[in-house]
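Participant: next one to model:
(one chain, ligands or ions: 1)
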Amino acid sequence: MNKKFLIFANPDEVSVKITNEVTFKMEAIGWSRTEDDSSADLIFCIGGDGALLRLLRRYSFPETPIVGINTGHLGFFQEISVDGIDEFIELFKKGDYHIQEYIGLSAEIHTEDEVKSYVAINEIVVRGEGERLIHLDIKIGDKNIARYSGDGVLVCTPAGSTAYNYSLGGVIVDPNVDMLQITPIAPVNNIAYRSITSGIIVPTQTSIELVPVNNEGKKIAVIEDGAIVADGDIKRIVIHVADKKARIVRFRDYSFWGKVKDKIIG
Ligand code: NAP
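Facilitator: Numbering: from 1, shown residues only. Sure thing, here's the model as predicted:
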C-alpha cells in the first residue's frame with residue numbers, strides 16, 4: 001500500500017514554495033499527500049519551532065513521526081534546511097534515520113467547577129495577568145516546599161530548556177536527561193516576601209503543584225508553549241509528565257549540542 005504524508009506549513013511565501021517542492025518530490029517517489037493525520041505515515045512541519053508547537057497542539061501530539069524543514073526562523077527543533085530536501089529523501093528512503101522522542105508536559109488546571117488538561121512540549125508558565133505580583137505555594141510531590149512571590153513560575157522539559165527558560169537564566173539541559181526544571185520569573189526576596197530565587201530540578205516522575213494564595217482581585221494565567229489556555233480564578237495547577245510524546249525524525253549527524261552551538265551560542 002502506498003505511503004502517505006501530511007504537510008503542516010506556515011502561510012508565508014517560502015513555506016508555500018517548499019510545500020509545493022516537497023509534495024512534488026514525495027509524489028515522485030510514490031507517496032501520496034493526505035490531510036488526514038490519522039492515516040499519515042510522515043508529517044512534514046514547514047516553518048520554525050513556532051510551527052512545530054502549533055502542529056503538536058492542532059494534532060494533539062500525533063503518534064506519526066514529524067520532520068521539520070526550517071524556513072527562515074530559529075528552527076531549534078527543525079531537522080533540515082530548505083536546501084536539504086533531496087538529501088533528506090535519499091536518507092529517508094534508505095531508512096538511515098531514527099526517531100527522537102520528546103516528553104510532553106501535562107498541566108491539570110483546577111477551577112471551582114472543572115479540571116482541564118493541556119499538554120506542552122516546551123513549558124507551562126503560571127503568571128499574574130496585567131503584570132501583577134502573584135503569590136504561589138510550590139508543592140513537590142506531597143511536600144509544600146516554598147511560598148513564591150513574583151511575576152510567575154515556569155516549569156519546562158529538557159526540550160524547552162533552550163526557549164523561555166533560558167531567557168530567564170534557567171539551565172540548558174540535554175533532552176536525554178530525564179528531568180523537569182522549575183524556574184522562577186522575577187522572584188521577590190525581601191523582608192516582606194521571601195521567595196526561592198534559584199531554579200529547581202526534579203526527576204520526571206515528580207508531580208509539581210502550584211497553588212495560588214492571597215491573590216485577591218488578581219487573575220492568574222496559565223500559558224502552554226506560548227498560548228494562554230486558562231485565566232481567572234484558578235485553584236491549583238498540577239504539572240507532571242504527560243502520556244504523550246512528540247516523535248521527531250533525526251539523522252545520524254544530528255547533535256543537540258551542535259544545535260546549541262549554532263543556534264544559541266553562535
Ligand atoms: P514564538 O514567536 O513562536 O517563539 C519565540 C522564539 O522561541 C522563536 O524564535 C522560536 O523559534 C523559539 N523557540 C521555540 N521553542 C524553542 C526551543 N525549544 N528552543 C529554542 N528556541 C525555541 O513565541 P510564542 O508563540 O509566544 O511562544 C512560543 C515559545 O516561545 C514558548 O514556548 C516559549 O518558550 C518562547 N518564549 C520565549 C520568551 C523569551 O525568551 N523571553 C518569551 C515568551 C515565549 P522559531 O523562530 O523557529 O519559531
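
Participant: show me what from this structure comes close to the ligand.
Facilitator: Within the chain, the positions near the ligand by CB under 6 Å from any ligand atom are 48-50, 53, 73-76, 122-123, 159-160, 162-164, 167, 225-226. C-beta here means a position set from N, CA and C on the backbone, and glycine is covered the same way.

Participant: out of those, which are buried?
Facilitator: When the residues of the chain next to the ligand are checked for burial by 16 or more other CB atoms under 10 Å, the buried set is 48-49, 53, 75-76, 122-123, 159-160, 162-164, 225-226.

Participant: what about the residues you listed, which are in strands?
Facilitator: Those of those mapping onto strands are residue 123, per DSSP state E.

Participant: what's the farthest-apart pair in the buried ones among the residues of the chain next to the ligand?
Facilitator: 75 and 123 (18.3 Å; CB to CB).

Participant: chain neighbours aside, what residue packs nearest to the residue in the stretch 1-150 of the chain positioned nearest to the ligand?
Facilitator: Nearest residue of the stretch 1-150 of the chain to the ligand, counting by CB to the nearest ligand atom: residue 48, 2.4 Å away. Once flanking residues are discounted, residue 48 sits nearest to residue 73: 2.4 Å by CB to CB, 6 or more residues apart in numbering.

Participant: so what's the one you found up against?
Facilitator: Applying CB atoms under 8 Å, 6 or more residues apart in numbering to residue 73 gives the contacts 47-51.

Participant: now do residue 10
Facilitator: The contact partners of residue 10, taken as CB under 8 Å, 6+ apart, are 46-48, 51, 71.

Participant: could you pick out the longest helix of this protein?
Facilitator: For the chain, the longest helix by residue count, based on DSSP state H, is helix 13-28.

Participant: and the next helix or strand after that helix, what does it pack onto?
Facilitator: Following helix 13-28 in sequence order, the next helix or strand is strand 32-33 (DSSP states H and E). In terms of contacts (3 or more CB pairs under 8 Å, 6 or more residues apart in numbering; DSSP states H and E), strand 32-33 is packed against strand 4-9, helix 13-28.

Participant: now for the ones you listed, which one comes closest to residue 35?
Facilitator: Proximity to residue 35 (CB to CB) singles out strand 4-9 among the helices and strands packed on strand 32-33, at 6.6 Å.

Participant: other residues contacting that closest one?
Facilitator: Contacts to strand 4-9, defined as CB under 8 Å, 6+ apart, come from residues 15-16, 18-19, 22-23, 26, 31-37, 39-47, 51, 54-55, 58-59, 64.

Participant: now do 7 Å
Facilitator: Here strand 4-9 makes contact (CB atoms under 7 Å, 6 or more residues apart in numbering) with 15-16, 19, 22-23, 26, 31-35, 37, 39-47, 51, 55.

Participant: which residue is the nearest non-sequential neighbour of residue 150?
Facilitator: residue 187 (4.1 Å).

Participant: one more: residue 72?
Facilitator: For residue 72, ignoring the flanking residues on the chain, the nearest one in space by CB to CB, 6+ apart is residue 14 at 5.9 Å.

Participant: that neighbour touches residue 81, doesn't it?
Facilitator: No: here residue 14 lies out of contact with residue 81, judged by CB atoms under 7 Å, at a distance of 11.4 Å.

Participant: show me what residue of the stretch 101-250 of the chain gets nearest to the ligand.
Facilitator: For the stretch 101-250 of the chain, CB to the nearest ligand atom, closest residue to the ligand: residue 226, 2.1 Å.

Participant: sounds good, over and out.
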